[in-house]
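[1] the sequence and its predicted three-dimensional model are supplied below.
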There are 2 protein chains.
Amino acid sequence: MAKVTMKDVAKRAGVSVATVSNVLNNIDNKSNEVTQKKVLKAVKELNYQMDMTARSLSMGKSNLLGIFLPEVFYLDRPSSVLKDNPFFSEIVSGIEYEARMQGYDVMITCVKSDTHVKDLVNKRMLDGVAILGMHDEEFWEGIKNIPVPIVLIDSYCYDKYGFCNVGTEDEQGAYLATKHLLTLNHTNIAFVTDNSHVSEVNYQRHQGYLRAIKESGLNEEQCPVIEADLNFKGGIMAGHKLLNSYAHITAAFVVADIMALGIIKLMNQIGKSIPKDLSIIGFDDLSVCEYSFPGLTTIRQDIYRKGIEVAKLLINKINGKDGNTGIILPVELILRETTIPLTD
Amino acid sequence: MAKVTMKDVAKRAGVSVATVSNVLNNIDNKSNEVTQKKVLKAVKELNYQMDMTARSLSMGKSNLLGIFLPEVFYLDRPSSVLKDNPFFSEIVSGIEYEARMQGYDVMITCVKSDTHVKDLVNKRMLDGVAILGMHDEEFWEGIKNIPVPIVLIDSYCYDKYGFCNVGTEDEQGAYLATKHLLTLNHTNIAFVTDNSHVSEVNYQRHQGYLRAIKESGLNEEQCPVIEADLNFKGGIMAGHKLLNSYAHITAAFVVADIMALGIIKLMNQIGKSIPKDLSIIGFDDLSVCEYSFPGLTTIRQDIYRKGIEVAKLLINKINGKDGNTGIILPVELILRETTIPLTD
């Protein structure tokens, strides 16, 4: 089927092309409400998508970027990742900073569908989009033809759809974390992860954990996987599971700091000692790791820098610069106070 | 001097009023670059301010709100409040949620001057603006004539400039916090606050603290004020000051949770016990208070709800609805584990 043009819309609505353009660009100060309705009806019936390139040429760049966060629900009520997970505020902070330095503004919104994304790109004439969080196949399929650069964060399928990505050495980070526990003579090491089963990031971290376990000659069946919600409360739940069902475990690698903080809190509350009763290492190095006591030993990914790299990559692509479409940032072991050698 | 109109600009640039309008509304697909430059030069020379009301009438509403955070510096490098203080991400989260529910998008940026704010309101045709953080007189004077509604957060001077405000019972909250410590028989109670000396919020919290102290018949000279940076590291500094210079102090009211968390961390690190060696109460009830051990007793202001109220008020004003211009949200004492009765 041929691409629907503005001309088709004009014909269907029985108005001029100029009128359609005015209505759609929201600069309609002449035509009346009836005309507007006619145009919008025709747009809907024909499923017309405005040509962003053409619009960009006539309208100039918007210098506006979209940061799209996942819309999540907690206990059936809409929740906010920006409020509940510091990872998101740190990365948004980095994107906003670098965008501003390069003369771009950012709009931020939680999105629930590919249609929502497409509407916003069109309505706001966004020059580019950064998408955080996980979405399903339908979502990615739905937005793959958006004619502006899209940068994902921590995606393992970005190239399938022609997007860009800024990620982290997930497998290697998990390997380093597990290796650190092994070096401290721990052999009963749990892997604590989220229960959503859709995160490629946590799959990769599991792979890194398994690589270290296997390398050391341990039997991976000895090493339990403990699952819970990927938030602070989930960490507390995981802690309960550890205590109730895995008494032989002496150390744990937790895929996200926010969950590790929950485990630490639980242990403190019931009078167990971290690291004496359990050595624990996280992943992320959130600012809040510093606030906990003991300070959380973790695998650092520089989340703020990740945000900066996202903005840089996005703006480069907007300006037609070539270069990487996939950037992987390095990780680093940060030793604080939650791991000690196993003693008999 | 009469107000400069678009007609004046057109005359000076030697073009038609329609051309000026097209250039300024960024819908100029006919005139060439030379014409554009002529228009923009005339705008600058005449200091022309586009009439937002007129533009709004012709262009329709933008349904875009601005959330403006303060640009701060730490060790001479630009820092980010969104990253360093969870208060900001929680409130932004609430604003974004309510705005989205009412069909508005939000853009977020750190601003450094009143000119920056004015430029963005014009360039992005913002329907309204929420401004967080403290700014100087010049800043407020500079933006007071912006012809869209402006809502401040925690301002004590909003009505002076004709703005709206969503605040918290600061004085009453501080009174409740101090009263709680007094009820536990503490008489040597420090007031820990920020060292910027420009925060009316913390002035009000000091007033509430003093009211409780005086009411109980204590001599306020017995009650030291300890100042440090308003962040986690500042809390650690304040903790050092407490330990080194105020050995008789048994309890502290800290104006912000983020500082209280720093004090708790220090005490834990040097082997002192909270609450046995020091009872401590904060203000805010940040999500991170839960992560600390012991859990921080604090005065709760519902920051997420505050964000929601900010968006509601802003959108009401945009829609010309009357009602309050100043909303004060209630506070509540949240008992956790950092305060205990003084024993001899």
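    Nice, thanks for sending it over. Keep in mind that what you see is a predicted model, and the values were worked out from it rather than measured. Numbers count the residues shown, from 1 in each chain, chains lettered A, B, ... in the order given.

[2] those strands in the stretch 1-150 of chain A, which residues are they?
    Using DSSP state E, counting those that start in this stretch, the strands assigned to the stretch 1-150 of chain A run over residues A:64-70, A:72-74, A:77-79, A:105-111, A:128-131, A:150-153.

[3] to chain B, which of those strands lies closest?
    Of all the strands of the stretch 1-150 of chain A, it is strand A:105-111 that lies closest to chain B, at 4.3 Å by C-beta to the nearest C-beta. Glycine gets a C-beta too; all of them are placed from N, C-alpha and C.

[4] do I have it right that A:Leu182 meets A:Ser216?
    Yes - between A:Leu182 and A:Ser216 there is a contact under C-beta atoms under 8 Å: 5.0 Å.

[5] more neighbours: which of these two?
    A count of neighbours by other C-beta atoms under 10 Å in any protein chain shown puts A:Leu182 above the other of A:Leu182 and A:Ser216, at 18 against 15.

[6] could you measure from that one over to A:Val254?
    16 Å (C-beta to C-beta, to the nearest Å).

[7] so which residues on the stretch 51-200 of chain A come close to chain B?
    Residues of the stretch 51-200 of chain A lying close to chain B (C-beta under 8 Å from any C-beta of the partner chain) are A:58-60, A:64, A:78, A:80, A:82-84, A:86, A:88-90, A:92-94, A:96-97, A:100, A:105-110, A:120, A:124.

[8] can you say which of these are buried?
    Neighbour counting with 16 or more other C-beta atoms under 10 Å in any protein chain shown marks A:59, A:64, A:80, A:82-84, A:86, A:88-90, A:92-94, A:96-97, A:100, A:105-110, A:120, A:124 as buried within these.

[9] any chance of the strands of the stretch 1-150 of chain A in JSON lines, plus distance to B:Glu309 and mean pLDDT?
    Formatted as JSON lines, those follow (distance: least, C-beta to C-beta, whole Å; pLDDT from 0 to 100):
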{"stretch": "strand A:64-70", "distance to B:Glu309": "21", "mean pLDDT": "95"}
{"stretch": "strand A:72-74", "distance to B:Glu309": "21", "mean pLDDT": "66"}
{"stretch": "strand A:77-79", "distance to B:Glu309": "17", "mean pLDDT": "61"}
{"stretch": "strand A:105-111", "distance to B:Glu309": "19", "mean pLDDT": "94"}
{"stretch": "strand A:128-131", "distance to B:Glu309": "29", "mean pLDDT": "96"}
{"stretch": "strand A:150-153", "distance to B:Glu309": "31", "mean pLDDT": "96"}
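
[10] what's the weakest-modelled helix or strand in chain A?
    Lowest by mean pLDDT, DSSP states H and E among the helices and strands of chain A is helix A:52-59, with a mean of 43.

[11] residue contacts, the spatially closest residue to A:Arg100 that is not a sequence neighbour?
    The shortest distance from A:Arg100 to any non-neighbouring residue, by C-beta to C-beta, 6 or more residues apart in numbering or on different chains, is to B:Thr109 (6.1 Å). By C-beta atoms under 8 Å, 6 or more residues apart in numbering or on different chains, the residues touching B:Thr109 are A:Glu96, A:Arg100, A:Asp105, A:Val106, B:Gly66, B:Ile67, B:Phe68, B:Leu69, B:Leu120.

[12] make a markdown table from those and add distance to B:Ala18 to it.
    As requested, the contacts of B:Thr109 are exported to a markdown table (distance: C-beta to C-beta, whole Å):
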| residue | distance to B:Ala18 |
| --- | --- |
| A:Glu96 | 37 |
| A:Arg100 | 33 |
| A:Asp105 | 28 |
| A:Val106 | 32 |
| B:Gly66 | 29 |
| B:Ile67 | 34 |
| B:Phe68 | 33 |
| B:Leu69 | 38 |
| B:Leu120 | 26 |
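
[13] out of the residues you listed, who's nearest B:Thr250?
    B:Leu69 (37.3 Å; C-beta to C-beta).

[14] does that closest one touch B:Ser89 like I think?
    No - contact status for B:Leu69 versus B:Ser89: not in contact, 9.9 Å apart, counting by C-beta under 8 Å.

[15] please enumerate the shared neighbours of the two.
    B:Leu82.

[16] let me know how buried A:Asp229 is, in neighbour terms.
    A:Asp229 has 18 nearby residues by other C-beta under 10 Å.

[17] count of neighbours near A:Asp119?
    So A:Asp119, with other C-beta under 10 Å, has 12 neighbours.

[18] pull out the buried residues from stretch A:233-250.
    Neighbour-count burial for stretch A:233-250, counted by 16+ other C-beta under 10 Å, picks out A:233-243, A:249-250.

[19] could you pick out which of those are located in helices?
    Cross-referencing the buried residues of stretch A:233-250 against helices under DSSP state H gives A:Lys233, A:Gly234, A:Gly235, A:Ile236, A:Met237, A:Ala238, A:Gly239, A:His240, A:Lys241, A:Leu242, A:Leu243.

[20] in JSON lines, list those along with distance to chain B and pLDDT.
    Shown next, in JSON lines, are these (distance: C-beta to the nearest C-beta, whole Å; pLDDT from 0 to 100):
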{"residue": "A:Lys233", "distance to chain B": "9", "pLDDT": "92"}
{"residue": "A:Gly234", "distance to chain B": "13", "pLDDT": "94"}
{"residue": "A:Gly235", "distance to chain B": "9", "pLDDT": "96"}
{"residue": "A:Ile236", "distance to chain B": "10", "pLDDT": "96"}
{"residue": "A:Met237", "distance to chain B": "14", "pLDDT": "97"}
{"residue": "A:Ala238", "distance to chain B": "15", "pLDDT": "97"}
{"residue": "A:Gly239", "distance to chain B": "13", "pLDDT": "97"}
{"residue": "A:His240", "distance to chain B": "16", "pLDDT": "97"}
{"residue": "A:Lys241", "distance to chain B": "19", "pLDDT": "96"}
{"residue": "A:Leu242", "distance to chain B": "17", "pLDDT": "95"}
{"residue": "A:Leu243", "distance to chain B": "16", "pLDDT": "94"}
